[in-house]
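Asks: from the sequence below, what's the structure:
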Amino acid sequence: MSQILATTGCQRQPRLAHECAAGEIFGRAPIYDAIFSCISPRTLVRTGRSCRAAYAAYRDFSHRAYNIHRHLSRFLSEPLNFRSLQARTGTLIAGSNALQFLDRTFYPKSDMDLYVHPGHLREVFDYLVEREGYKFKPDSTQPKDYRKIVSDDWDGTQIRDESLAHDELLLYYQIRGVESVFSIEKHGPDGLLKIQLIACETSPFDAIINFHSTCVMNFIAFDAAYSLYPVATFEKRDTLSVWRARPLHDLAVVIKYGERGFAWISTLPASTSPQSSPFHPFTDRTVGDRYTWKLPLDTHGVALRSQMNPSSSIFQCDPVVYNGWALERVQHGMGTVYKTIKSSVFRYNYTTTNYKLNFKLWLFAIEQGFLSRILMERKLLDKEGWPWFDAELASSWETFKHDFLSFIRRDST
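Replies: As a prediction, this is how the structure comes out:
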């Protein structure tokens, strides 16, 4: 992300400490802690480039300020084991919890939202109940035992059609891409702790990119934390409303984030330039692009995803990095636009605005899906050995980065 972070290889060689007028300040942790805790992420990085002493201070402060295990320990007694669960399942921490982590702040009485891929909800649910001691708190429509409605028998080989219940889900949950929400609680040293498990209809990213506004489009994977609109969120303190099929009538959200220091923007002026706006509208985006703030996390001790089965290539990265979208004018405001890559030949679902990539994967899915089903009909393949091609999708994604054709038609004038 060019606005906030730059790779160390591109940095100008810092001056020696004795050449830096503030050398003594950056040699004392209590002093530079007080300074760094009051500045934005971009200013923090820029300060670290000023001299070697400042750079050492910046590294030391960042290591402590962005300590993911300390952040998770409020809700989880075994953060490392939970991150291994994230690595296996692609579960993302999002919402205000991710915002707090990146913003180095704390919202009292806030909960933690976990966004879970189809087929992994039972595993995540069981872990939090059995290992972390949480108890299920059903709403009026849910049974007391979550196992009655959260199955451990997910069949990913079924043809993945678009859901017929989009409108009903929007009316109930107000977020596109959310299939169901479950609440679990336990008592911690500082009071009641609450986690919400969000079962995603397509993928965690599909739900996150349809949040109410841009300041909460941040998430924590097992290996990195991401902010999709970092300059607007952490520098400008602005949040842009994202238009949805069901308008946001609850002004409590606007008031809540106003109290947290964010100015709510309903839409962008017609004259907005993609180059000058911190929201980068009318631009094809991907997770991890130059507009994204990616904060790598220490993965020492995290157990990565094992091979899904002998028929599938090893795929150990988080699926979220293979997603794309664009912020465009839709209906009465700005909204996220993309096409979904959704096929039973891939374990996970993805999004893109790249027409060429989408078309190639569509053809591949038809051919490979047909072949796999023929083999199953002839008893030459069973469901446990069903081949997943997510690693091959990742390879195509990298190839088509340089052969990009957006399906979005934009006015060139």
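
Asks: all contacts plus neighbour counts: C-alpha atoms, from now on.
Replies: OK.

Asks: report the buried residues of stretch 354-368.
Replies: Neighbour-count burial for stretch 354-368 flags 354-355, 357-358, 361, 364-365, 368 (criterion: 16 or more other CA atoms under 10 Å).

Asks: need the contact partners of it.
Replies: Identification of contacts with stretch 354-368 by CA atoms under 8 Å, 6 or more residues apart in numbering yields 339, 341, 343-345, 352, 393, 396-397, 400, 403-407.

Asks: any idea how far that stretch is from the chain center?
Replies: On the basis of CA atoms, centre = their mean, to the nearest Å, stretch 354-368 sits 24 Å off its chain's mean C-alpha point.

Asks: ok, stretch 122-134 next?
Replies: When distances are taken as CA atoms, centre = their mean, stretch 122-134 is centred 21 Å away from the chain's centroid.

Asks: and if you look at stretch 77-94?
Replies: Remark: stretch 77-94 is offset 13 Å from the chain centroid, using CA atoms, centre = their mean.

Asks: so residue 270, which of the three states?
Replies: Recorded secondary structure, residue 270: coil (DSSP: H, G, I helix; E, B strand; the rest coil).

Asks: do residue 264 as well
Replies: Under three-state DSSP, residue 264 comes out as strand.

Asks: hmm, it is touching residue 236, no?
Replies: No. Residue 264 is beyond contact range of residue 236, at 11.3 Å (criterion: CA atoms under 8 Å).

Asks: looking at the two, which one has more neighbours?
Replies: More crowded of residue 264 and residue 236, by other CA atoms under 10 Å: residue 264, with 18 against 13.

Asks: tell me the pLDDT at the more buried one?
Replies: On the pLDDT scale, residue 264 is placed at 92.

Asks: looking at this, residue 387 is in a strand?
Replies: No. Under three-state DSSP, residue 387 falls outside any strand and is assigned coil.

Asks: for it, give me its contacts.
Replies: By CA under 8 Å, 6+ apart, residue 387 lies in contact with 309, 311-312, 345, 372.

Asks: which of these has the largest number of neighbours?
Replies: residue 345 (26 neighbours).

Asks: how near is that residue to residue 367?
Replies: Between residue 345 and residue 367 the computed distance is 10 Å (CA to CA, to the nearest Å).

Asks: what do you get for residue 214?
Replies: According to CA to CA, residue 214 and residue 367 sit 38 Å apart.

Asks: show me where the stretch 101-250 of the chain has helices.
Replies: Remark: helices assigned in the stretch 101-250 of the chain by DSSP state H, counting those that start in this stretch are 121-130, 166-173, 204-208, 230.

Asks: for the residue nearest to residue 267 when sequence neighbours are not counted, what are phi and psi?
Replies: Of all residues not flanking residue 267 in the chain, residue 333 sits nearest, at 5.3 Å (CA to CA, 6 or more residues apart in numbering). Here is the backbone geometry of residue 333 (degrees, to the nearest 10): phi -180, psi -150.

Asks: what sits against residue 333?
Replies: Contacts of residue 333 by CA under 8 Å, 6+ apart are 241-243, 266-268.

Asks: which of the contacts of stretch 354-368 ranks first by neighbour count?
Replies: Neighbour counts for those (other CA under 10 Å) peak at residue 345, which has 26 neighbours.

Asks: so it sits in a strand?
Replies: No. Under three-state DSSP, residue 345 sits outside any strand and is assigned coil.

Asks: so it versus residue 89, what's the distance?
Replies: Applying CA to CA, the value for residue 345 to residue 89 is 17 Å.

Asks: what's the answer for residue 328, then?
Replies: Note on residue 328: its distance to residue 89, by CA to CA, is 31 Å.
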